[in-house]
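Chemist: Can you look at this prediction? I've put the sequence above it.
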Amino acid sequence: MFDSLTDKLGKAFAKITSRGVLNEKDIDEAMREIRIALLEADVSLPVVKDFIAKVKEQALGEKVVKSIQPGQMVVKIVHDELVKLLGAEQTELNFNAPAPVCFLLVGLQGSGKTTSASKIALKLKKHKRVLLASLDIYRPAAQEQLSQLGRQIGVDVLPIVAGQKPLDITKRALEAAKTGVYDLLILDTAGRLQIDEAMMKEAAEVKKLAQPTEVLLVADAMIGQEACHVAQEFNDKVGITGLVLTRMDGTSRAGAALSMKMVADVAIKFVGVGEKPEDFEIFHADRMAGRILGQGDVVSLVEKAMENVDRSEAEAMAGKMMKGSFDLNDMLAQMNQMKKIGSMGSIISMIPGLSKYKSQIEESGVGDNLMKKQEAIILSMTKQERADPNIIKASRKRRIAAGAGVEVHDVNVLLKSYEQMSTLMKKMGKFGGLASMAKMMKMSPFGKFPGGMKNKFPF
């Protein structure tokens, strides 16, 4: 999502971090390149001016000039200011009201409000009893879309009554939430292709009636320079308490994330990073700043793994690997576990030091396409072949390749990868496996993560 910005900032930092001493001219040159990078990423001009002024003021300070590594100090200043710009405050959702608490989603048409409503519900359903309700009577099948999404994620949706106006639906939703003993009611309002008075008036009336604890503006990260105007209008006319940014997985320049936060002066609560219901992340300013600067985000990666990977299954697989009984069925299961965590590109971007090589890694073919190809190859095999790959000779390879729609060479590559992995695991097993390695690192293999890290929810 920030690939272009990350690349340009990385080049700007490379020039100053390689120098032992920085003068004012060096810092001015770095600020100029950072300014250009931010503007090209669609960050609004006022935001860029303010950001550069704050960074430059600190970068010219005595602490940086006399530092042993002045270039690294400048990078730290940029990181800290990015965290402030993105919102250093907590992104916790406000549940401080008698149940049922109400959340109101507003935004332009096409920004992803309906999908975001279901994603928020899915994120919170483990801890809250949620009811969804659509107030969009203008877009064809909008209410039915929310009903289908509700069924998909297992969350109740207010039944559709034809001919009802948004305020009537709101009254009925509030009553249903009370009688049904729900903890949370999420109202999905109608949007327009552009901001108009009727839209704002309707949203304001719904807000007055529902008294929501959160009014979340859902905005498309690809909105560009229009971001500031949209945020300002909704904040002035309706009053918003937080932002939800969608399509953050796209190839957009994503400057909206930086601009809207500063203009609206509210926290970014969530970011949508894909089409699937689970492709929705709690926003953390410090982690996002790390990604933008190419420093990775190991904490989010580990949290994703903890949330999506079956621990008992992973431990059982590790045991098989240590004993040398790892087969192609296990390799396929491992691929499926990886897919639950996210795309190869998103995983690479979270690993410190690898994000700058993301494009090269993807271009080399080591990515999601390779995983799909290898999955197809394994699925083209018989049960006997998956359990004992040693029986796969020339004739079998030709049959498997034809079934998967690939070349025999691709089958050979998969089998070679399996062989190398299997050999490595057997060697690790001889040295005591993961437990022995963990003792060497003075930590328990299945104990707590450093810093007592755990899954955190925004409430």
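Modeler: Nice, thanks for sending it over.
Chemist: Tell me how far the residue lying farthest from the centre of the chain lies from residue 385.
Modeler: What lies farthest from the middle of the chain is residue 395; by CA atoms, centre = their mean that is 44.2 Å. According to CB to CB, to the nearest Å, residue 395 stands 12 Å off from residue 385. Heads up, the C-betas are built off the backbone N, CA and C, glycines and all.
Chemist: One more: residue 274?
Modeler: Distance from residue 274 to residue 385, by CB to CB: 33 Å.
Chemist: just checking, what's the longest helix in this protein?
Modeler: helix 408-430 (DSSP state H).
Chemist: ranges for the strands of this structure?
Modeler: Assigned by DSSP state E, the chain shows strands spanning 101-106, 130-134, 156-157, 184-188, 214-220, 242-246, 267-272, 280-282.
Chemist: and these as TSV, adding distance to residue 85 and mean neighbour count?
Modeler: Converted to TSV, the strands of the chain look like this (distance: least, CB to CB, whole Å; neighbours: other CB atoms under 10 Å):
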stretch	distance to residue 85	mean neighbour count
strand 101-106	23	25
strand 130-134	32	26
strand 156-157	37	21
strand 184-188	29	27
strand 214-220	16	25
strand 242-246	13	26
strand 267-272	11	23
strand 280-282	18	20
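Chemist: Save these as TSV, and put in mean pLDDT and distance to residue 23 too.
Modeler: Listed next are the strands of the chain as TSV, based on pLDDT from 0 to 100; distance: least, CB to CB, whole Å:
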stretch	mean pLDDT	distance to residue 23
strand 101-106	96	49
strand 130-134	96	57
strand 156-157	96	62
strand 184-188	96	55
strand 214-220	92	41
strand 242-246	89	39
strand 267-272	86	37
strand 280-282	84	41
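Chemist: Relative to residue 176, which of these is closest?
Modeler: Residue 176 lies closest to strand 130-134 among the strands of the chain, at 6.5 Å (CB to CB).
Chemist: Contacts for the closest one, please.
Modeler: 100, 114, 117-118, 121, 124, 142-143, 145-147, 149-150, 155-158, 160, 169-170, 173, 176-177, 180, 182-188 (CB atoms under 8 Å, 6 or more residues apart in numbering).
Chemist: got it, and stretch 158-172?
Modeler: 131-135, 137, 143-144, 147, 173, 176, 187, 189-190, 202, 205-206, 209-210.
Chemist: again with stretch 83-98
Modeler: 47, 51, 101, 103, 183-184, 211, 213-214, 241-242, 257-258, 261-262, 267-270, 282-286, 288-289, 458-459.
Chemist: rerun that using 6 Å as the cut-off
Modeler: Applying CB atoms under 6 Å, 6 or more residues apart in numbering, the external contacts of stretch 83-98 come out as 51, 101, 213-214, 258, 261, 267-269, 283, 285-286, 288-289, 458-459.
Chemist: how far is that stretch from where the chain is centred?
Modeler: On the basis of CA atoms, centre = their mean, to the nearest Å, stretch 83-98 sits 17 Å off its chain's mean C-alpha point.
Chemist: when you give positions from now on, start the count at 32
Modeler: Got it, the first residue is 32 from now on, which makes the last one we talked about stretch 114-129.
Chemist: what's the span of it, first residue to last?
Modeler: 33 Å (CA to CA, to the nearest Å).
Chemist: Name the residues of it that are buried.
Modeler: Judged by neighbour count (16 or more other CB atoms under 10 Å), stretch 114-129 contains these buried residues: 114, 115, 116, 117, 118, 122, 124, 126.
Chemist: Quick check: the two most widely separated of those?
Modeler: Counting by CB to CB, the most remote pair of the buried residues of stretch 114-129 is 116 and 126, 27.1 Å apart.
Chemist: what's the closest non-adjacent residue to residue 324?
Modeler: residue 110 (5.7 Å; CB to CB, 6 or more residues apart in numbering).
Chemist: List the contacts of stretch 412-420.
Modeler: Against stretch 412-420 from outside (CB under 6 Å, 6+ apart): 358, 359, 360, 423, 431.
Chemist: Let me see the contact set for residue 48.
Modeler: 102, 103.
Chemist: 10 Å instead?
Modeler: 41, 61, 100, 101, 102, 103, 104, 105, 106 (CB atoms under 10 Å, 6 or more residues apart in numbering).
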